[in-house]
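Student: Predicted structure and sequence below. I'll ask about it afterward.
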Amino acid sequence: MPSLKDLKNRIASVKATQKITKAMKMVAAAKLRRAQEAAEAARPYSQRMAAVLANIAQAVGADDSVPQLMTGTGRDNTHLLIVCTAERGLCGGFNSQIARFARDHVRKLLAQGKTVKIICVGKKGFDILRREFASLIIDRVDLREVKKIGFENADRVGHKVIELFEKGEFDVCTLFYSEFKSVISQIPTAQQLIPASAGAVAAEADSASAIYEYEPDAAAILTDLIPRNISVQIFRALLENVAGEMGAKMSAMDNATRNAGDMINKLTLNYNRQRQAQITKELIEIISGAEAL
Amino acid sequence: MADSFNFELVSPERLLLSAQVTEVVIPATEGEMTVMANHAPTMTTIKPGVVTVKTADGKSERFAVFGGFADILPTGCTLLAESAVHVDELDRTVLENRIDEARAELEGAIDEKKTRIEQFIAELTRLGEIVIPA
C-alpha cells in the first residue's frame, strides 16, 4: 500500500503529464487545420494534371514514342517501394500502420522471388523497416528539418526516382502513404507510380472532348509531363501524410489526456480514502486513550 | 470589348489565380503566345518567364513562372506552373538560388541534359532581367 506522500506525488506527476498531452493535442489540432488546407490547395493541380495526362495519353495512343516511364520496361523483376511515414512518433498507430502495410507487401514480393528496393521518406518508417529489411533499404529521405513541405522536397525525391529508373535500377515503383480520410481514420495506401497505372489514366479519359494542337508535339509534352506527374504524386502523398499524422496525433493525445484524467480520479479517490482511514485511526487512539483513564 | 474567358493559374502548392480574363500572354517553349477567348484547343509546355494576365475589368497582372505547361480550350485556359509567384513578390535571392542550383546540376550533366540545363539557366537569367531592374 503506497503511503499518502507517494500517492500525492503520483497525482502531481500524472497531472503534469496530462498538461503536456493536452498541449500536444492542441498543437496537433492547429497543425492539422493547416495541413488540411495545404492538401486542399494542392488538389486542383493534381486533378488537372491527371486530366491533361489522360488526354495526351489518349492522343499519343500506343505509339512507340511513349516514354518508358509510362509503359514500363516490360519486366517486373525489381520493385522499388517508396515508404512515406512521419518524422515523429506519439501519433498512435499511424507510423506502424504504414510500415506494416509496406512490410506485408515486401514479404509478398520476396516470396514471389522478386528483388525489392526500398526508399524511406521519414524517420519512423526507416526505424521500423530497418529491423527486418536493412539490406533492402537503398536510400532514406530526411524531412525533419522541413517545417512546411514544399513542392521542392517532393521534386527532389521524384528526381531521385527517375534517375534510378533511367539507370535501370528497377522496373516497377510503388508509393506507400497514408490516405487521409478523417481525423480518426487514415488508410494505408499503395499507389503504383511507374509505369503509370493504366487504370487510373483510363478512368480520367472520359473527357475526350477536344482535339488538341500540341506544341512542340504530344510525345515531347508527355516526356516533360510524366516526370512532373511523379513529383506531383509524391507531393500529394506527403501532404496527405502530414494531415494524417496530425489527425492521428490529435486523437492519440486526446485519448492520453482522457486516460490521465481517469487515472487522476482513481488516485485521488484512493488518496482520500487513506486520509480518512488515518483520521479515523487517530480518533480511535485518542478515544481509547481517554477511556483508559 | 473582347470576350472574356476563365483563366486559372495553378502551382502544386496552391491555386494562384482563377478569374475571368480577356487576354493572357504565355511564354511557351516555342515562343510567346497570346491567348484570347475561343482559342483553338492547344496544349503547350512553357519555359521560365512572365505570364501577363489582363482581367475582364481591365486590370493587368504579371506572374513569374518557372516552367510548366498550359492547357488551352476555347472556353478557358489552365496554366499548370511548376512554381509561380506574383511578380511583386519575386525576390532576387530566390531567383539566384535557383540559378545556383541549376549550375550545380550542370556539373555532372552530359550531352542533351547539359544543353537543356544551360538553356534553363539562360532563361532564368533573362527572367531576372525582365522582372527585376538592376
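Tutor: Thanks, I have the structure now.
Student: who touches the residue of chain B positioned farthest from its centre in this structure?
Tutor: Distance from the C-alpha centroid of chain B, by Cα atoms, centre = their mean, peaks at B:Gly108 (27.2 Å). The contact partners of B:Gly108, by Cβ atoms under 8 Å, 6 or more residues apart in numbering or on different chains, come to none. C-beta coordinates here come from the backbone N, C-alpha and C atoms, glycine included.
Student: Residue 96 is in what secondary structure piece?
Tutor: I'll assume chain A. For A:Ser96, the host element (DSSP states H and E) is helix A:94-111.
Student: nope, chain B please
Tutor: According to DSSP H and E, B:Glu96 maps onto helix B:92-108.
Student: C-terminal to that helix, what's the next element?
Tutor: helix B:111-131.
Student: If you tally nearby residues, what's the number for B:Ile121?
Tutor: Residues lying near B:Ile121 (other Cβ atoms under 10 Å in any protein chain shown) number 19.
Student: My guess is it contacts B:Ile99. True?
Tutor: Yes. In this structure, B:Ile121 is within contact of B:Ile99 by Cβ atoms under 8 Å, at 5.9 Å.
Student: doesn't A:Leu239 make contact with A:Tyr177?
Tutor: No. Look at A:Tyr177 against A:Leu239 with Cβ under 8 Å: they stay out of range, at 9.5 Å.
Student: List phi and psi for B:Asp91.
Tutor: Main-chain dihedrals, B:Asp91, degrees, to the nearest 10: phi -110, psi 140.
Student: can the helix or strand containing A:Tyr45 be found next to chain B?
Tutor: Per DSSP H and E: A:Tyr45 is located in helix A:4-60. Yes. Counting by Cβ under 8 Å from any Cβ of the partner chain, contacts between helix A:4-60 and chain B involve A:38, A:41-42, A:44-46, A:48-49, A:52, A:55-56.
Student: I'd like these written out as JSON lines, with pLDDT added.
Tutor: Formatted as JSON lines, those follow (pLDDT from 0 to 100):
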{"residue": "A:Ala38", "pLDDT": "88"}
{"residue": "A:Ala41", "pLDDT": "85"}
{"residue": "A:Ala42", "pLDDT": "85"}
{"residue": "A:Pro44", "pLDDT": "84"}
{"residue": "A:Tyr45", "pLDDT": "86"}
{"residue": "A:Ser46", "pLDDT": "84"}
{"residue": "A:Arg48", "pLDDT": "82"}
{"residue": "A:Met49", "pLDDT": "83"}
{"residue": "A:Val52", "pLDDT": "79"}
{"residue": "A:Asn55", "pLDDT": "75"}
{"residue": "A:Ile56", "pLDDT": "76"}
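Student: With neighbour count added, can I get these in CSV?
Tutor: Converted to CSV, the residues of helix A:4-60 next to chain B look like this (neighbours: other Cβ atoms under 10 Å in any protein chain shown):
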residue, neighbour count
A:Ala38, 19
A:Ala41, 17
A:Ala42, 25
A:Pro44, 18
A:Tyr45, 25
A:Ser46, 18
A:Arg48, 18
A:Met49, 23
A:Val52, 22
A:Asn55, 23
A:Ile56, 23
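Student: What residues sit buried inside whichever strand or helix holds A:Glu179?
Tutor: Here A:Glu179, judged by DSSP H and E, is contained in strand A:172-182. Across strand A:172-182, burial judged by 16 or more other Cβ atoms under 10 Å in any protein chain shown covers A:172-180.
Student: what does stretch A:158-172 give?
Tutor: A:158, A:161-162, A:164-165, A:170-172.
Student: what do you get for stretch A:86-94?
Tutor: For stretch A:86-94, burial by neighbour count (16+ other Cβ under 10 Å) applies to A:86-87, A:90-92, A:94.
Student: tell me the mean pLDDT over that stretch?
Tutor: The average of the pLDDT scores along stretch A:86-94 is 88.
Student: Restricting to C-alpha, output that stretch in CSV.
Tutor: The C-alpha trace of stretch A:86-94 is given here as CSV (Å, rounded to 0.1, in the frame of the first residue of the first chain):
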residue,chain,number,x,y,z
ALA,A,86,6.1,10.7,-40.3
GLU,A,87,9.2,12.1,-38.7
ARG,A,88,7.9,11.9,-35.2
GLY,A,89,6.2,9.4,-33.0
LEU,A,90,3.4,9.9,-30.5
CYS,A,91,0.8,9.7,-33.1
GLY,A,92,-0.9,6.4,-32.3
GLY,A,93,-0.6,3.6,-34.8
PHE,A,94,0.0,5.9,-37.7
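Student: For A:Asn77, grab the count of nearby residues.
Tutor: For A:Asn77, the neighbour count with other Cβ under 10 Å is 11.
Student: Could you double-check that it sits in contact with A:Asp171?
Tutor: Yes. Counting by Cβ under 8 Å, A:Asn77 does reach A:Asp171; the two are 5.8 Å apart.
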